[in-house]
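> Give me a model of this one.
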Amino acid sequence: IVSAPTLKIPPLDIEIIPPGNRIILPRLGKNVPIVGVAEEKLLLRDWTGLENDIQGALRNGVVHYPGTPQPNQSGNFVLTGHSSYFPWDPGRFKDVFAVLHNVVVGDEILVYHDMQKYRYKVEESFTITPDQISVLGDSGDNRLTLITCTPIGTNLKRLIVVAKPV
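Predicted coordinates:
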């Protein structure tokens, strides 16, 4: 019996890039779509309309806060997600950031945007009151800021997680 020659296939060093824009938080086991919101109501200073747009978009993932840069631009890339929301409200992402308080300094966060991978490392987390909107502004460096309500089941404060590019 003659055996067929063995075909050796070299290993491929490629990474599969997920379709669409996503955030992956390995410690939390989260892989979530990033959803955009039109900037029109922000530019018109229609705060009620903007809040309604954001709340609607949160049904489909975490929201890239309008007016903040994309991850491929310099500045403060801000994402916001629910920690809890009304059980009767539609959407799969009502509690996507419910355990965001479990991330620790040094954790890796991955963002896929326009078929590119961006790596971040958590630098700090803290809580603020809802009126402390300076976390949305330009901080003079490149960063990812994650925002959610805390404690879970309330909107009394905001949990902020800041990560820097690696």
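
> okay, residue 1: pLDDT?
Looking at residue 1, its pLDDT is 67.

> no wait, residue 40
89.

> Just give the number of residues close to it.
A total of 12 residues lie near residue 40 under the criterion other Cβ atoms under 10 Å. All C-beta spots, glycine's among them, are computed from the backbone N, C-alpha and C.

> now swap in the one 5 residues further on and tell me
Residue 45: 8 surrounding residues under other Cβ under 10 Å.

> Confirm it sits in a strand?
No. In this structure, residue 45 is coil, not part of a strand, as judged by DSSP: H, G, I helix; E, B strand; the rest coil.

> For residue 67, see how far away it is.
The gap separating residue 45 from residue 67 is 11 Å, by Cβ to Cβ, to the nearest Å.

> Can you verify my assumption that residue 71 contacts residue 163?
No. Contact criterion Cβ atoms under 8 Å: residue 71 and residue 163 do not qualify, at 10.9 Å.

> What segments of this protein are strands?
22-25, 30-35, 62-64, 76-80, 108-113, 116-128, 143-150, 157-165 (DSSP state E).

> Only the buried residues of stretch 46-57, if you could.
Residues 50, 53, 54, 57 are the ones in stretch 46-57 that count as buried (16 or more other Cβ atoms under 10 Å).

> Excluding chain neighbours, what is closest to the second one?
Spatially, and ignoring its direct neighbours in sequence, residue 53 is nearest to residue 37 (4.9 Å; Cβ to Cβ, 6 or more residues apart in numbering).

> returning to that earlier point: of all the buried residues of stretch 46-57, which two lie farthest apart?
50 and 57 (10.6 Å; Cβ to Cβ).

> any shared contact partners between the two?
residue 37 (Cβ atoms under 8 Å, 6 or more residues apart in numbering).

> circling back: compare residue 71 and residue 163 (neighbour count), which wins?
Neighbour count, other Cβ under 10 Å: between residue 71 and residue 163, residue 163 has more, with 25 against 22.

> Near the nearest residue to that one once chain neighbours are set aside, how many other residues are there?
Once flanking residues are discounted, residue 163 sits nearest to residue 120: 3.6 Å by Cβ to Cβ, 6+ apart. By the criterion of other Cβ under 10 Å, residue 120 has 23 neighbours.
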